[in-house]
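Engineer: Fold the following and give me the result.
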Amino acid sequence: MTTILVIDDDESLRDTIAVLLEREGFRTITHADGKSGLDAALSAKPDLVLVDLRLPVLGGVEVCKQIRAARMDTPIIVLSAVGDEIDKVLLLEIGADDYIVKPFGTRELIARIRAVLRRATAPPNQVFSFSDIRLDFDRRVVTKNDVEVKFTPAEYNLLTFFVQNPDRPLSRELILNSVWGYESFPNTRTVDAHVVRLRQKLEQQADSPRFFITVHGVGYRFLP
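Structural biologist: Modelled structure (predicted):
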């Protein structure tokens, strides 16, 4: 059974989310502050974490950072109140996979959770290779010339999306919605920045890419 950790200091909302998730067939663990929630994330190793941005004891941003510092790939969805200033690029950099603004509908919450879980679940024992690069979906490991290349969760998810859509022109908006799951985004520069990083890590010459090709006026195309 898929386990979801809910970290939110709003008792009413926390309990409502727990009941909703259990009705959808998920197992839930709930905590009211960032410190106990982080401890639960590290010990229970849930399949997904829902964490409020503003928490007592330890804030949501720090919870995300420490989960990633522990080298856990657990998907994270950040919850934020209307009026909170959300730096969406910062959320990506600290390892959050998606965010939802309160108040939100139950259908939206379940849809976002299922979308993030789908992106995080790769077929077992599947390996994809191109040139001297090897992507092991089962272990979530990428190697180049048999040397492991380190990726942030967002970089890895972007690479996986490219691999799953070879030789197809992909718009920046499609990439944002498919990889990060955001309904809206202030601009598409984050896609460009992450493609640059993929090129720097995997291309022989980052300024003359063979694999991650710019399609002018559209977005990008992956040519393995």
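Engineer: mind checking which helix or strand of this protein has the lowest mean pLDDT?
Structural biologist: helix 88-93 (a mean of 66; mean pLDDT, DSSP states H and E).
Engineer: Contacts only, for the residue nearest the centre of the chain.
Structural biologist: Nearest to the mean C-alpha position of the chain, by C-alpha atoms, centre = their mean, lies D97 at 2.5 Å. Taking C-beta atoms under 8 Å, 6 or more residues apart in numbering, we find D97 in contact with P75, I76, I77, V116, R119, A120, P153, A154, N157, W180, G181. To be clear about C-beta, it is placed using only N, CA and C from the backbone, and glycine gets the same treatment.
Engineer: Those in strands, which ones?
Structural biologist: I76, I77 (DSSP state E).
Engineer: Which of the contacts of D97 lies at the shortest distance from L50?
Structural biologist: Proximity of the contacts of D97 to L50 (C-beta to C-beta) peaks at I77, which lies at 5.2 Å.
Engineer: Count the residues that sit near the closest residue to that closest one other than its chain neighbours.
Structural biologist: Spatially, and ignoring its direct neighbours in sequence, I77 is nearest to D98 (4.8 Å; C-beta to C-beta, 6 or more residues apart in numbering). Using other C-beta atoms under 10 Å, D98 is surrounded by 22 other residues.
Engineer: confidence score at D98?
Structural biologist: With respect to pLDDT, D98 has a value of 83.
Engineer: Run a quick check on it versus W180, I expect a contact.
Structural biologist: Yes. The criterion here is C-beta atoms under 8 Å, and D98 meets it with W180 at 6.4 Å.
Engineer: Which residues are in contact with Y156?
Structural biologist: R140, V142.
Engineer: That one and I94: what is the separation?
Structural biologist: 15 Å (C-beta to C-beta, to the nearest Å).
Engineer: What of V147?
Structural biologist: When distance is defined by C-beta to C-beta, V147 is 26 Å away from I94.
Engineer: what's the answer for N157, then?
Structural biologist: If you go by C-beta to C-beta, the gap between N157 and I94 works out to 14 Å.
Engineer: Same check on F137?
Structural biologist: The gap separating F137 from I94 is 24 Å, by C-beta to C-beta.
Engineer: Have a look at those two and say which one is more surrounded.
Structural biologist: More neighbours surround I94 than the other of F137 and I94, with 23 against 17 (other C-beta under 10 Å).
Engineer: Okay, now the unreliable bits of the chain?
Structural biologist: Filtered on pLDDT under 70, the chain yields the residue ranges 82-90, 92-93, 121-125, 181-187.
Engineer: All the helices of it, residue numbers only.
Structural biologist: Secondary structure of the chain by DSSP state H: the helices cover 11-23, 34-44, 60-69, 88-93, 106-120, 153-164, 172-175, 189-202.
Engineer: So what does F26 look like in phi/psi?
Structural biologist: Torsion angles at F26 (phi, psi; degrees, to the nearest 10) stand at phi -90, psi 150.
Engineer: was I right about it contacting V6?
Structural biologist: No. Counting by C-beta under 8 Å, F26 stays clear of V6, with 10.0 Å between them.
Engineer: neighbour count winner among these two?
Structural biologist: Per other C-beta under 10 Å, whichever of F26 and V6 has more neighbours is V6, with 26 against 21.
Engineer: mind listing what the more buried one touches?
Structural biologist: R14, I17, A18, L21, T28, I29, T30, H31, L50.
Engineer: make it 7 Å
Structural biologist: By C-beta atoms under 7 Å, 6 or more residues apart in numbering, the residues touching V6 are R14, I17, A18, T28, T30, L50.
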